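Novice: Need the 3D shape of this:
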Amino acid sequence: MEFIDFEVPRLTGGRFVYRLWAEDDSCLYVGQHQGFHPAARIATHAAEKPWWPEVARIDFALVEDEDDLDEGERAEIKRLRPKHNGTWNNDRPSRSGVGAPAGWTRTSVLVDEETWAAFGEVCAAEGTDRSTVLRRYMADRVKKLQAAA
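Specialist: Got it, this is the predicted structure:
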């Protein structure tokens, strides 16, 4: 993959692996993005990650194939060992149940790609992310069901 510096006008959508770098050129985080404008994904990190002030620069690599997206992200995480990635760091084999804080679990949800992408766009436009919205929904739903019982 060839990485380019993050420049909002040049990046208007598609599939990307992105890297967030500290001032000392250590890698802080590697992620992936597809669909909506990549600036929205970066804005989500900026709004939600307490370590965001450590970020000095960002670069992206355009990825043509969705399978290459996962593999590219995984390879960069394994190669760079970013400070703030849990998944695939330290030879962790999968996303499921890995890198979650104590008392939390990672899980998968089966949903069609079009709905997932549209949900991501809506969440980004609201200044949040899918995980946060789903957690809030589940907590609210559990409260309602417990109150009704």
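
Novice: need the helices for the chain, in chain order.
Specialist: Taking DSSP state H as the test, the helices found in the chain are 38-48, 66-80, 113-125, 130-148.

Novice: Could you pull up the mean pLDDT of the first one?
Specialist: Mean per-residue pLDDT for helix 38-48: 80.

Novice: Now for Asp129: which residues touch it?
Specialist: 44, 48, 120, 123 (Cβ atoms under 8 Å, 6 or more residues apart in numbering). For glycine as for every other residue, the C-beta is placed from the backbone atoms N, C-alpha and C.

Novice: Among those, which pair sits farthest apart?
Specialist: Greatest spacing in these, by Cβ to Cβ: Glu48 and Gly120 (14.1 Å).

Novice: And these two? Which one has more around it.
Specialist: For Glu48 and Gly120, the more surrounded residue by other Cβ atoms under 10 Å is Gly120, and the numbers stand at 20 against 13.

Novice: okay, that one: pLDDT?
Specialist: Per the predicted model, pLDDT is 80 at Gly120.

Novice: for the one 4 residues further on, same thing?
Specialist: Confidence per residue is given as pLDDT, and for Ala124 that number is 78.

Novice: who are the neighbours in contact with it?
Specialist: 36, 40-41, 43-44.

Novice: looking at this protein, which helix or strand is least sure?
Specialist: strand 4-5 (a mean of 58; mean pLDDT, DSSP states H and E).

Novice: residues in contact with the residue nearest to the spatial centre of the chain?
Specialist: Taking Cα atoms, centre = their mean, the centroid of the chain lies closest to Gly31, which sits 5.2 Å from it. Going by Cβ under 8 Å, 6+ apart, Gly31 touches 17-18, 20, 41, 45, 73.

Novice: any weak-confidence spans in this protein?
Specialist: Of all residues in the chain, those with pLDDT under 70 make up the ranges 1-13, 36, 87-108.

Novice: if we can go back for a sec, from the contacts of Ala124, pick the one nearest Val63.
Specialist: After measuring the contacts of Ala124 against Val63 - Cβ to Cβ - the closest member comes out as Arg41, at 13.9 Å.
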